[in-house]
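**Q** Sharing a model prediction with you, sequence too.
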Amino acid sequence: MTNTITLIDGTRTLVIPAITDHGWYFHSLDGWYGQTANKLRGQERPQAHGAFRRNRALRTSRAFSFKTGYRDGTPEEVEDATAELASFGAEGEITVIVEDARRRTQRVSNVDIIDDQDPTRRYTGDMLVGLTSDDQRRYEVGADVPWSPTGPPSPGLGRTWPAVRPLIWPGGGSSGRITLTNTGQATSAPQLRVSGGFSTALITCVETGSRIGLDRLVPPGSVVEVDTEAHTATIDGQSDVGRWIRWREWETIPRGETRTFQFDVTDPVGSPILEGRVLSAWA
């Protein structure tokens, strides 16, 4: 059962529950769950039964919609509320979050239509909201997924001799690795960010050997965000530094699997950090 639908448009957030005494509520959600169509069409065998085998699928974008109304409001309240709702998505993409009994998932979507379903002007606020998501997958909400941090590899304290029993081995040190697990049922691209300072950085997937290198000085206090889905890199949320990316061996994490990423830098200054997370994905 779906509990709430949340629309986020820039700094504006509208939460629409399934049940309310006053304000917006929704009474249907269509197309959020389930699989989308396969763009690869089958080719029939001209001299045999059936068709040639398709060993993979390419999914279409996803269209979904929900109906909503406004409960127990004055005509003025409903008019203002419908005007506010109708403005969502007018200038670009919005984020849609659906919370059900098990998890909160989200999609970045374009608003196709917000249509007035109250032609008699009874001021019930009945609206049909239709949206399209270019990415057919839904993702675990990012705010609920913590970042896993690590610094570059560092040695431990080591053992001093002569030893006194019972032996106690000192700790310390770091492997310079983070481990990310996709608990969903669809492939998901990890999110990575590195904090300076260093001259160059290298991120290596231990399981596959794929690499992402940053051949650029990053001073302490600056952060480079690497988008492994869009294949881009941005420093401090402003400037594109993608031209300094080497070994563009973008790694994804298949459903139900784990990937480990090794972090190495040259000429470290301060405390360089690699942070990563994966938003578990579902169809």
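**A** Sure thing, it's come through. These numbers come from a predicted model, not from an experiment. Residues are numbered from 1 along each chain as shown.
**Q** give the contact list for residue 56.
**A** If a contact means C-beta atoms under 8 Å, 6 or more residues apart in numbering, then residue 56 has residue 40 as its contacts. For every residue, glycine as well, the C-beta is placed using N, CA and C.
**Q** so how far is residue 207 from the nearest residue to residue 147 once chain neighbours are set aside?
**A** In space, and not counting its chain neighbours, residue 147 is closest to residue 275: 4.2 Å by C-beta to C-beta, 6 or more residues apart in numbering. Per C-beta to C-beta, to the nearest Å, residue 275 is found 19 Å from residue 207.
**Q** what mean pLDDT would you report for stretch 128-145?
**A** If you average the pLDDT over stretch 128-145, you get 92.
**Q** Measure how far it is from the centre of its chain, please.
**A** Chain-centre distance of stretch 128-145: 8 Å, with C-alpha atoms, centre = their mean, to the nearest Å.
**Q** And stretch 144-151, by the same measure?
**A** 14 Å.
**Q** Can you report how many residues lie near the nearest residue to residue 113 once chain neighbours are set aside?
**A** Excluding the flanking residues, the one nearest residue 113 by C-beta to C-beta, 6+ apart is residue 130, at 4.4 Å. By other C-beta atoms under 10 Å, the residues close to residue 130 number 17.
**Q** Just confirm residue 130 contacts residue 65, I think it does.
**A** Yes: using C-beta atoms under 8 Å, residue 130 makes contact with residue 65 at a distance of 4.3 Å.
**Q** can you give me the end-to-end distance of stretch 20-39?
**A** By C-alpha to C-alpha, to the nearest Å, the extent of stretch 20-39 from end to end equals 40 Å.
**Q** residues contacting residue 31?
**A** By C-beta under 8 Å, 6+ apart, residue 31 lies in contact with 62-65.
**Q** From these, pick the one nearest residue 22.
**A** Checking these against residue 22 by C-beta to C-beta gives residue 65 as the nearest, at 24.1 Å.
**Q** Of residue 275 and residue 207, which one has the most company?
**A** Using other C-beta under 10 Å as the criterion, residue 275 and residue 207 rank with residue 275 on top: 18 against 13.
**Q** So in terms of bridging, what pairs with the more buried one?
**A** residue 149, residue 193 (DSSP bridges).
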